[in-house]
Structure formats: structure tokens, C-alpha cells
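Asks: curious how this folds, go ahead:
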Amino acid sequence: MAERYFEGIGRRKESSARVRVMSGSGNFTVNDKELEAYFTRFGDVNDILAPFAASGEKRESYDVTVLVKGGGVTGQTDAVKLGLARALVKLNPDLQPSLRKGGLLTRNPLVKERKKPGLKKARKAPTYTKR
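Replies: Residues are numbered from 1 along each chain as shown. Sure, this is the predicted structure:
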């Protein structure tokens, strides 16, 4: 029988992450790679592991698998962080106040604004010439 896991979905901009947390030995894989191998930018690993730090849970006692798609590095980082926080709340609902206080359960609503007709970008207008 498959091991019991708790799943959280995180989204940011165009990125979407499915995070599964189960009891284990501290393995953290993202798209079949180690966490540090997938997110190589300085500080990203600490951002992703923020839900563990805020909740006081030990990373070494859980195995985490992540499937993340779309967007860029920042969007994927924040999507994984939100998905991990949501999965930890499903695992242990008592963690919700500490994660909420750290701002880890709130989705960032900022997305790219659509381009409007008559403009070059979402807000940039063509150069105005009087004559």
C-alpha cells in the first residue's frame, strides 16, 4: 500500500506547484531533482523552507516531493513555499496560526497585467507628438 501523504497546491504568477509531504528521512525532491540542484539561486532554498522554520517542524522528519510547472524562478519558488505551507497545515492543523502569522498561507495576487489595444504594453502609450 502507498504511504500516506498530505498535499498542498501553491500558485504564483504563471507557476503552479503540487507539494506532497509524508513522514520520512528529510528527502526534498523537486521535479525528480534535489532541492538545491533545482533552485540554485542564493536564498531560494531558505525561502522555500520558511514554512518548516515558522512552524517549528523538523525538516529531517519529512519527505517532500514537488511537481512544479510554468513561470520563472521567483514564481516557482513562491508557489512551492505556499504549497508546502498548505500541506503542513493539512498534516497538522495546529500549525495554522504560526504559518498565518508568518504570512506563509496568503497567496500573492500579483499577476502580469494584460496589454490594452492602442498601447505598446499594458500601460505604455505611444509617444505623443503635437506636430
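
Asks: distance check, the residue sitting nearest the centre point of the chain against Glu34.
Replies: Centroid check for the chain by Cα atoms, centre = their mean gives Ala79 as the closest residue, at 2.0 Å. Distance of Ala79 to Glu34, given as Cβ to Cβ, to the nearest Å: 18 Å. All C-beta spots, glycine's among them, are computed from the backbone N, C-alpha and C.

Asks: now do Pro109
Replies: With distances taken as Cβ to Cβ, Pro109 is found 31 Å from Glu34.

Asks: what do you get for Phe52?
Replies: From Phe52 across to Glu34, the span is 16 Å (Cβ to Cβ).

Asks: of these two, who's got more company?
Replies: Counted by other Cβ atoms under 10 Å, Phe52 and Glu34 do not tie: Phe52 has more neighbours, with 20 against 11.

Asks: where does the chain dip in pLDDT?
Replies: Along the chain, segments meeting pLDDT under 70 span 1-2.

Asks: can you give me the strands for it?
Replies: 6-12, 15-23, 28-30, 33-34, 62-69 (DSSP state E).

Asks: what packs against the first one?
Replies: If I follow you right, that is strand 6-12. Using 3 or more Cβ pairs under 8 Å, 6 or more residues apart in numbering; DSSP states H and E as the contact test, the elements touching strand 6-12 are strand 15-23, helix 73-91.

Asks: isn't the residue nearest to the centre of the chain up against Ser16?
Replies: Yes - assessed by Cβ atoms under 8 Å, Ala79 is found in contact with Ser16 at 6.1 Å.

Asks: what's the overlap in contacts for these two?
Replies: Both Ala79 and Ser16 are in contact with 10, 68, 71, where contact means Cβ atoms under 8 Å, 6 or more residues apart in numbering.
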